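# Let me see the structure of the following:
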Amino acid sequence: MRWWRSERGQKFLREVGSVVLGVVIALGLGAVATEIGWRIEVFRAHRALAEEMGEIMGQARERERAESCYLRRLDTLSVIVDRAAASGRLPPVGSPGSPLMRTWSRGVWNSVLGDTASHFSRADLDNLSGAYEFVDLLARHSERELELWSELYTIVGPGRAIDTEEAADLRRAISAARLESNLVTLAAVRLQQIVRAFDLGYSRDAARPYAEQPLSQVPFCRPFGPVPPRYGRAPLDGAGDRARATPITRDDAGLPAR
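Numbering: from 1, shown residues only. Sure thing, here's the model as predicted:
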């Protein structure tokens, strides 16, 4: 009689089979537990992304609404420079305001791009990646826009002589600032379109403080400021004092200071 047919052999095989079955069940349960764990992580990631995207969507809508103020302010500066070039002298010019300072955050998205993103659906991953490409464009062109406005602030002061070369430089800066403004607005509009077209979740509560802010609070939508007694002004003058007057709290982050 063969060994495996004996009572002793049968007992051994039953014991081995039990061990093997236990291992298989354990592995299966482990795989299920791992999958459940990743589903929970994906859910949490989507919830955190919705908060981040809500703030971004609000900022994008705010910028879209303020577009006409930006362009009108550049038109006014163009007239000032043209008249100064003809007369050879800049008139007294007050502060024209500053571009909206926004963070265009992507910290949550950066943190998700590790292991968690690999468990997103392919559609969600592609669509979110596309949306954040426009967030990157918004951040990059907003920074460049602020640099150009720093150049334009050289005309802010009590009045002085100007030559044709400086006037030409200012015209180029105005054109470049207009281009950056157009690019920022375009990116803001496209971002909103992508988020809505592909049903990417975002927090309306996070978006609301920015999206519904009165345009009277946008610097370029307000009149020019008072003429300073000397030259050397810059965008965001006094931003530190305004930030201290409107602190960020745990209960209400509020709008970032300009």
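
# Let's see the pLDDT reported for residue 236.
For residue 236, the pLDDT comes out at 88.

# Do a quick rundown of the strands in this protein.
Remark: strands assigned in the chain by DSSP state E are 89-90, 160-161.

# Can you add mean neighbour count and distance to residue 124 and give those back as CSV?
For the C-beta atoms, the positions are set from N, CA and C on the backbone; glycine is no exception. Below are the strands of the chain laid out as CSV (neighbours: other C-beta atoms under 10 Å; distance: least, C-beta to C-beta, whole Å):
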stretch, mean neighbour count, distance to residue 124
strand 89-90, 18, 54
strand 160-161, 12, 57
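
# Adding mean pLDDT, write these out as TSV.
Formatted as TSV, those follow (pLDDT from 0 to 100):
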stretch	mean pLDDT
strand 89-90	98
strand 160-161	98
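
# I'd like to know which of those strands lies nearest to residue 141.
Comparing these by their distance to residue 141 (C-beta to C-beta), the top pick is strand 89-90, with 28.1 Å.

# Could you list the paired strands of that closest one along with their orientation?
Here strand 89-90 has these sheet partners by DSSP bridges: strand 160-161 (antiparallel).

# what residues does the strand it pairs with touch?
With C-beta atoms under 8 Å, 6 or more residues apart in numbering as the test, strand 160-161 has contacts from 88, 89, 90, 231.

# and if you look at stretch 206-223?
By C-beta under 8 Å, 6+ apart, the list of residues contacting stretch 206-223 reads 51-52, 54-55, 57-59, 61-62, 65-66, 69-70, 72-73, 96-100, 102, 254-255, 258.

# got the end-to-end distance for it?
Length of stretch 206-223, first residue to last, C-alpha to C-alpha, to the nearest Å: 29 Å.

# Take the strands of the chain and lay them out in TSV including distance to residue 145.
As requested, the strands of the chain are arranged in TSV below (distance: least, C-beta to C-beta, whole Å):
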stretch	distance to residue 145
strand 89-90	23
strand 160-161	25
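
# Residue 171: which of those strands is closest?
For the strands of the chain, proximity to residue 171 was assessed by C-beta to C-beta; strand 89-90 is nearest, at 13.6 Å.

# who's in contact with that closest one?
Residues contacting strand 89-90 (C-beta under 8 Å, 6+ apart): 80, 84, 155, 157, 159, 160, 161, 162.

# how many other residues sit next to the third one?
When you say that, I think you mean residue 155. As a burial measure, residue 155 scores 23 neighbours (other C-beta atoms under 10 Å).

# Report pLDDT for it.
On the pLDDT scale, residue 155 gets 97.

# Might you report the residue contacts of it?
77, 80, 81, 84, 90, 93, 170.

# ok, the last one touching residue 152?
The reference is to residue 170. Yes. Residue 170 is within contact range of residue 152, at 6.9 Å (criterion: C-beta atoms under 8 Å).

# Overlap of the contact sets of those two?
Common neighbours of residue 170 and residue 152, counting by C-beta under 8 Å, 6+ apart, are residue 77.

# Show me which of these two is the more surrounded one.
Under the neighbour definition other C-beta under 10 Å, residue 170 and residue 152 were set side by side, and residue 170 has more, 23 against 20.

# number of nearby residues for the closest residue to the more buried one other than its chain neighbours?
Counting by C-beta to C-beta, 6 or more residues apart in numbering, residue 81 is the residue found nearest to residue 170 once chain neighbours are left out, at 4.8 Å. By the measure other C-beta under 10 Å, the count of residues near residue 81 is 22.

# can you pull the pLDDT of residue 81?
pLDDT, residue 81: 98.

# contacting residues around it?
155, 167, 170, 171, 174.

# so where's the protein shaky on pLDDT?
Under the criterion pLDDT under 70, the flagged ranges of the chain are 1-39, 251-258.

# surely residue 138 meets residue 104?
Yes. Residue 138 lies in contact with residue 104 (C-beta under 8 Å); the separation is 4.8 Å.

# what touches both of these two?
Taking C-beta under 8 Å, 6+ apart as the contact rule, residue 138 and residue 104 both touch residue 59.
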